[in-house]
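S.K.: let's see this in three dimensions:
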Amino acid sequence: MNSATHNDVIRLFADIQDHTIVEIMGLGPSLDELEAAALLLGNQDEVLADARAPAATVVSRIVDILTREGQLTEQDREP
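M.R.: Prediction:
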């Protein structure tokens, strides 16, 4: 499993704030987990994204961070 980098977070979730990047990186996500979170957020509304990602996973925590912070624009959510 490849560890995600700061640049991976920026590439997948453009225009998020630095403190959010730090919070996400603190989870120690893999690149696969970041990509899964991006797919959930890009293809589903918040309710469906929460329902599809089990509550205890890193993917779910990334989704929670990004939706809680309200940092994703409609453009970021489009596939």
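S.K.: residue 2 versus residue 67, what's the distance?
M.R.: Distance of residue 67 to residue 2, given as C-beta to C-beta, to the nearest Å: 25 Å. Glycine gets a C-beta too; all of them are placed from N, C-alpha and C.
S.K.: more neighbours, these two?
M.R.: Comparing residue 67 with residue 2 by other C-beta atoms under 10 Å, the one with more neighbours is residue 67, at 16 against 9.
S.K.: rounded mean pLDDT for the helix or strand hosting the more buried one, please.
M.R.: Using DSSP states H and E, residue 67 maps to helix 58-68. In this model, helix 58-68 has a mean pLDDT of 89.
S.K.: now swap in stretch 10-30 and tell me
M.R.: For stretch 10-30, the per-residue pLDDT averages 93.
S.K.: how about it: buried residues?
M.R.: Counting neighbours by 16 or more other C-beta atoms under 10 Å, one finds that the buried residues in stretch 10-30 are 12, 13, 16, 20, 21, 23, 24, 25, 27, 29, 30.
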